[in-house]
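Student: mind looking at a prediction? Sequence and model below.
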Amino acid sequence: MITQPPLLGQPPATIAALEDLDLEGLRAIWRKQWGNVPSMRSPDVLRIVIAWRLQARTHGGLDKEIRRKLRKKAPVEAEGLDLGVGTTITRTWQGRTYEVGIEQKGFRWEDTLYVSLSAVATAITGTRWNGPRFFGMREKKK
């Protein structure tokens, strides 16, 4: 993987160049453009966010009405996480991929609504887990 960030003068070329960067290269671009790097550990997610921001800078972001509607949507605040309704969380565990949908009143996995992400993780594994940690949203405590 390439860790040297591309030049940011031409957004389409830059967006294509993002595919060749590893996590550290993507973080270097973020740091240069927007300051503090978000705590994302997924290069794929960070790549998408950077691409969106570069395109928004060039072509304009969301208009005022769309931003208002998005703010009006009540996010699910689960265990200190701000996850938007409609988001799907994916985790591969013991060779199987699990998808959990975020709904207004909780977390849906296999047609069952759970009140917490930890309850979903426990149902999947059969043992007690911190939900955000199981789904890779929180680092292990040292």
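Tutor: Sure, I can see it.
Student: and the longest strand belonging to the chain, which strands flank it?
Tutor: Using DSSP state E to define each element, the chain has its longest strand at strand 96-103. Neighbouring strands of strand 96-103 in its sheet, by DSSP bridges, are strand 88-93 (antiparallel), strand 106-109 (antiparallel).
Student: determine which residue lies closest to the centroid of the protein.
Tutor: For the chain, the residue nearest the mean C-alpha position is residue 45 (5.5 Å; Cα atoms, centre = their mean).
Student: what helices and strands are in contact with the longest helix along the chain?
Tutor: Counting residues, the longest helix found in the chain (DSSP state H) is helix 43-59. With contacts defined as 3 or more Cβ pairs under 8 Å, 6 or more residues apart in numbering; DSSP states H and E, helix 43-59 has these neighbours: helix 11-18, helix 23-34. For every residue, glycine as well, the C-beta is placed using N, CA and C.
Student: what sits up against it?
Tutor: Helix 43-59 is contacted by residues 8, 11, 14-15, 18-19, 21-23, 26-27, 29-30, 33-34, 38, 40, 62 when judged by Cβ atoms under 8 Å, 6 or more residues apart in numbering.
Student: in that helix, which residues are buried?
Tutor: 43, 46, 47, 49, 50, 51, 53, 54 (16 or more other Cβ atoms under 10 Å).
Student: so can I have JSON lines of those showing distance to residue 138?
Tutor: Listed next are the buried residues of helix 43-59 as JSON lines, based on distance: Cβ to Cβ, whole Å:
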{"residue": "43", "distance to residue 138": "18"}
{"residue": "46", "distance to residue 138": "17"}
{"residue": "47", "distance to residue 138": "21"}
{"residue": "49", "distance to residue 138": "19"}
{"residue": "50", "distance to residue 138": "23"}
{"residue": "51", "distance to residue 138": "25"}
{"residue": "53", "distance to residue 138": "24"}
{"residue": "54", "distance to residue 138": "28"}
